[in-house]
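>>> Task: produce atomic coordinates for the following.
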Amino acid sequence: MPVWGEGHLATAEEHLGNNENWGTQPTDYLISQVHRMMLAYRMGNQVLPLKLVRELCPESDAPLWRVLDFLGGHLPEGKDLTDVKGLLSGAEMLRQKCKETVQHTEGALEFGE
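Residues are numbered from 1 along each chain as shown. Predicted structure coming up:
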C-alpha cells in the first residue's frame, strides 16, 4: 500500500520562475495567469494587473477571480496569501479602472479635420 506524503503547492515564484511572459496571454493556463497577477501585484506593477483584468477577467464572475477567491481561503500564511488578499480587496477598483481606461481611450481618438 503506497504511503502518501504531504504535497506541496508551488508558490507563484516557484511556478513562474524568471519567465516574464508566462501568464500574460489569454491562452495561458489559468493558474499561470493567476500567479502572474499575484507577482505583478507584489512587485507594485500597476500596468500589468490592469492589462490582465481588461483582457482576462473584466467581470466579477470570471474564472480568474474564482481561483483567487478559492486560494484566499486555502493558502497558508505567506506572500502568496498576502497578494491574493490584496488583489481581492482591490478587485472592484481594478475592474472599474479598466472600464474607465477603455472609455477614455475611445474618447481620445481623433480623426482628420
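>>> tell me the average confidence for the helix or strand harbouring Arg66?
Using DSSP states H and E, Arg66 sits within helix 63-74. Helix 63-74 carries an average pLDDT of 96.
>>> For it, which helices and strands make contact with it?
The contact analysis (3 or more CB pairs under 8 Å, 6 or more residues apart in numbering; DSSP states H and E) places helix 63-74 against helix 30-42, helix 79-89. Backbone N, C-alpha and C define where each C-beta goes, glycine included.
>>> Any idea which of the ones you listed gets closest to Leu71?
Nearest to Leu71 among those is helix 79-89 (5.0 Å), distances taken as CB to CB.
>>> what's the closest one packed up against?
helix 12-16, helix 30-42, helix 63-74.
>>> what helices or strands is the longest one leaning on?
Helices and strands touching helix 30-42, by 3+ CB pairs under 8 Å, 6+ apart, are helix 12-16, helix 47-56, helix 63-74, helix 79-89.
>>> Now render those helices as JSON lines, adding distance to Tyr29 and mean neighbour count.
Output for these, formatted as JSON lines (distance: least, CB to CB, whole Å; neighbours: other CB atoms under 10 Å):
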{"stretch": "helix 12-16", "distance to Tyr29": "9", "mean neighbour count": "17"}
{"stretch": "helix 47-56", "distance to Tyr29": "12", "mean neighbour count": "17"}
{"stretch": "helix 63-74", "distance to Tyr29": "11", "mean neighbour count": "15"}
{"stretch": "helix 79-89", "distance to Tyr29": "17", "mean neighbour count": "17"}
